[in-house]
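Chemist: Whatever this is, show me its structure:
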Amino acid sequence: MMRTLFLLLGCLGAFATPALANKVFVSNEKGNTVTVLDSDNWEVLTEFNAGNRPRGIGISPDGKHLYVCASDDDTIRVFDADSYEELWTLPSGPDPELFTLHPSGNPLYVANEDDNLVTVIDTEKRTVLAEVPVGVEPEGMAISPDARFVVNTSETTNMAHFIDTTDYEIKHNVLVDQRPRYAVYTDDGARLFVSAEIGGTVSEIDPNAEGGPTLINKFEFAVPGVEPEWLQPVGMKITADKRWLFVALGPANRVAVIDLSTDEVVDYILVGQRVWQLAFTPDQKYLITTNGNSNDVTIIDVAAQKALKSVQVGQQPWGVVVAPN
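Modeler: Predicted structure coming up:
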């Protein structure tokens, strides 16, 4: 009997799978590097060269390829996510800043800030499929969950442009507040949010409204002791349950927490200096912020909505992405 029990326990132990750590990749805009962290212990694993002025960063759905906007090189650099070896480059167009990938991993849609274009790139053939003229200084990029539309925000035109992914034509434009920086959908595609850095707001757009996408709400922010002009919304992330929207507030050094069930700003989490972009771990247990002026990232416990620790990375961290499971 005891021997059978030990054998059973041994078999169960053989099949038990420990939680696996994920790699966290941080682009360092002034350091010209990418820092890699371990999401289990938050230690730095390595740092590697990523071209001149790396900003936007993303990873293929299978976790094999890391894409980095080398803005001053006018290219997207593609790295092996395991070995960190540079594999090839993609023809991004001038000054790539942010991009979004099709859910399948191909194509890639990139904002060319200096040329007022969105470039569509075939990631397998490494060729340009289309160049879409948009507003002045395009930056934010998001794709609808059904992949029907790509949304680009133009900083100087103050618009969200809805680009049809079948013919690469702009079908709708929605005016938002000054200097829109980032766009994000809920996972069901029912709600779309656009941050406005100088306007100091987050606009909510109903992307499925009859007659076309429509602005339906705006969120404003107020932090005691923080000057209003420091409240500059940039990067955003939404939990998969569509309950919480986290908003990086730039030089305010806070991440705002919005309860999407009540549409109320319920908290501000103090992080590092000039918080810029955000990323979840795959289980959404943690939220990572890039803090450009303190050269670190802050790890936030999502359930507790509290900052746990900060970790030094490279010079002026800008973008962040976490490898999938």
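Chemist: check which helix or strand covers the residue nearest to residue 50 when sequence neighbours are not counted.
Modeler: Of all residues not flanking residue 50 in the chain, residue 34 sits nearest, at 4.5 Å (CB to CB, 6 or more residues apart in numbering). In this view, the C-beta of every residue, glycine as well, is placed from N, C-alpha and C. Assignment of secondary structure by DSSP states H and E places residue 34 within strand 33-38.
Chemist: which ones are touching residue 151?
Modeler: Contact analysis of residue 151 by CB atoms under 8 Å, 6 or more residues apart in numbering lists 140-144, 160-163, 183, 185, 192, 194.
Chemist: Surely it forms part of a strand?
Modeler: Yes: counting by DSSP: H, G, I helix; E, B strand; the rest coil, residue 151 is located in a strand.
Chemist: how close does it sit to residue 170?
Modeler: Remark: distance between residue 151 and residue 170 (CB to CB, to the nearest Å) = 10 Å.
Chemist: anything in contact with each of those two?
Modeler: Both residue 151 and residue 170 are in contact with 161, 162, 163, where contact means CB under 8 Å, 6+ apart.
Chemist: which of the residues you listed lies closest to residue 272?
Modeler: Ranked by distance to residue 272 (CB to CB), the shared contacts of residue 151 and residue 170 are led by residue 161 at 31.9 Å.
Chemist: Near the closest one, how many other residues are there?
Modeler: Here the neighbour count serves as a burial measure; for residue 161 (other CB atoms under 10 Å) it reads 24.
Chemist: Would you mind giving the secondary structure of it?
Modeler: Classification of residue 161 using three-state DSSP returns strand.
Chemist: Surely it is in contact with residue 173?
Modeler: Yes: applying CB atoms under 8 Å as the test, residue 161 and residue 173 come out as touching, 5.6 Å apart.
Chemist: what's the strand holding residue 34 in contact with?
Modeler: When contacts are taken as CB under 8 Å, 6+ apart, the neighbours of strand 33-38 outside the stretch itself are 21, 23-28, 43-50, 54, 57, 66, 68, 79, 84, 297, 311, 313-315, 317.
Chemist: Break down this structure into its helices, ranges please.
Modeler: Residue ranges of the helices in the chain, as given by DSSP state H, are 2-15.
Chemist: possible to save the contacts of residue 151 as JSON lines with distance to residue 125?
Modeler: As requested, the contacts of residue 151 are exported to JSON lines (distance: CB to CB, whole Å):
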{"residue": "140", "distance to residue 125": "26"}
{"residue": "141", "distance to residue 125": "21"}
{"residue": "142", "distance to residue 125": "24"}
{"residue": "143", "distance to residue 125": "20"}
{"residue": "144", "distance to residue 125": "24"}
{"residue": "160", "distance to residue 125": "29"}
{"residue": "161", "distance to residue 125": "25"}
{"residue": "162", "distance to residue 125": "26"}
{"residue": "163", "distance to residue 125": "20"}
{"residue": "183", "distance to residue 125": "27"}
{"residue": "185", "distance to residue 125": "27"}
{"residue": "192", "distance to residue 125": "30"}
{"residue": "194", "distance to residue 125": "32"}
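Chemist: wait, doesn't residue 182 sit right on residue 192?
Modeler: No: the pair residue 182 / residue 192 is not scored as a contact, 11.2 Å apart, by CB under 8 Å.
Chemist: What subset of the contacts of residue 151 is buried?
Modeler: The neighbour count (16 or more other CB atoms under 10 Å) marks 140-144, 160-163, 183, 185, 192, 194 as buried among the contacts of residue 151.
Chemist: excluding its backbone neighbours, what's nearest residue 253?
Modeler: Using CB to CB, 6+ apart, the nearest residue to residue 253 is residue 273, at 5.5 Å.
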